[in-house]
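Peer 1: turn this into a model:
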Amino acid sequence: MKLTKWMVLLLSVSMMFFMFGCEDEKEAKDLTTLTEYLVEKNLDLPDILDGWIITASAVHESLDDYYVIDTRSQEAYDAGHVPGAVFADASTILDVAANNGGKTIVVHCYKGIGACKVLVALRLSGYPTAKSMKFGMSAWGPSDAGGDAAYDKWTGSVSDIALDYPSDWLITASTPATDVEYDYPAVSNEEVEDGATLLAERVQYLLTEGYGYASAPSILTDREQYFINNKWDEDSWNHYGHIAGAHRINDLGIENGGISLYDPDATCVTYCWTSQTSGVVTAYLTVLGYDAQSLIKGANGLIWTNLESHKWDATNGTPGANAPGDYELE
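Peer 2: Alright, predicted model coming up:
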């Protein structure tokens, strides 16, 4: 049978619809494979957030019980580090973690912010008890307690900038943005039947590509360009204020449906007190395929003076933990 040019065109269009339809179905199947696997293996976000943070004081008091991994720069590590700590970056973290000798892993960086990425990668890779050190190396020895002021990267970075934007930072109680349930984003164009394999691929993506940090000025001036979520309880939301137009989705997870309230087509910014919890959330969302960012420094970079808790100051650290003789130089 001879095909006319119109029949050829119709056949081509039909094939295109078929191919795109199969591609969409394949992507959806891949993400279902991943989310079902995460829930089945107790790797839902609430599991990742269970006992994930530890103070520098607790590490210092029982140092022999922990395998400490320093994720700052090699130069910073060489200049001084927690006794017994080992160095790793994102490309070596999983290999270094394998040498933990059965000890609980504690990761840290300068402020506790960047370590959240590797903490999530570890917890999703067979280290469910791994922890991140609160406030990072900044908390290892405050300068007013005999420590090294060079470790403190927090004191000079706190800010009250949100108070300069009264129309964008609302100090009166108001209703959060209306939540809508969305489909999850697609994370792969390859058909992967095995949830473990897909998770390993996504963890490598997280370690290789990382995620973005939103700055307070950009959020306050262009907040309508983002999907913004405040991860506070209602009392804190009303007491301290919040970014205008923000959502307040506090109970985040796959099984409970909280993550499905994030918009997969938007740049999703989460903020908390110090950007450590939001860093964990953002890393997890990145694994799931979201365009996710963490608002760097959280409320400590927005309304530091007004905070009555979850606040950085020089005494947040471990008194004398890195005093002379109690830290290592190599």
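
Peer 1: only C-alpha atoms from now on, for both contacts and neighbour counts.
Peer 2: OK.

Peer 1: mind checking the SS state of residue 213?
Peer 2: strand (DSSP: H, G, I helix; E, B strand; the rest coil).

Peer 1: contact partners for it?
Peer 2: By Cα atoms under 8 Å, 6 or more residues apart in numbering, the contact set of residue 213 is 293, 294, 295, 296.

Peer 1: which pLDDT value goes with the first one?
Peer 2: The one in question is residue 293. Residue 293 carries a pLDDT value of 98.

Peer 1: correct me, but it touches residue 270?
Peer 2: Yes. Counting by Cα atoms under 8 Å, residue 293 does reach residue 270; the two are 6.6 Å apart.

Peer 1: what touches both of those two?
Peer 2: Counting by Cα under 8 Å, 6+ apart, the residues touching both residue 293 and residue 270 are residue 282.

Peer 1: higher neighbour count, these two?
Peer 2: The neighbour comparison of residue 293 against residue 270 (other Cα atoms under 10 Å) goes to residue 270, with 30 against 27.

Peer 1: where does the prediction get shaky in the stretch 151-300 of the chain?
Peer 2: 188-192 (pLDDT under 70).

Peer 1: give me the neighbour count for the nearest residue to residue 158 once chain neighbours are set aside.
Peer 2: Take residue 158 and drop its neighbours on the chain: the residue closest to it by Cα to Cα, 6 or more residues apart in numbering is residue 301, 4.8 Å away. When neighbours are counted by other Cα under 10 Å, residue 301 registers 22.

Peer 1: next: residue 183.
Peer 2: Count around residue 183 with other Cα under 10 Å applied: 13.

Peer 1: now swap in residue 266 and tell me
Peer 2: Neighbours around residue 266, by other Cα under 10 Å: 14.

Peer 1: re the thing from before, can you pick the most crowded of the contacts of residue 213?
Peer 2: That'd be residue 295 among those, by other Cα under 10 Å, with 30 neighbours.

Peer 1: could you list the domains of this structure?
Peer 2: 47-155, 161-306 (automatic domain parsing).

Peer 1: now distance to residue 314 too, for the ones you listed, in JSON lines please.
Peer 2: Shown next, in JSON lines, are the domains of the chain (distance: least, Cα to Cα, whole Å):
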{"stretch": "domain 47-155", "distance to residue 314": "5"}
{"stretch": "domain 161-306", "distance to residue 314": "13"}
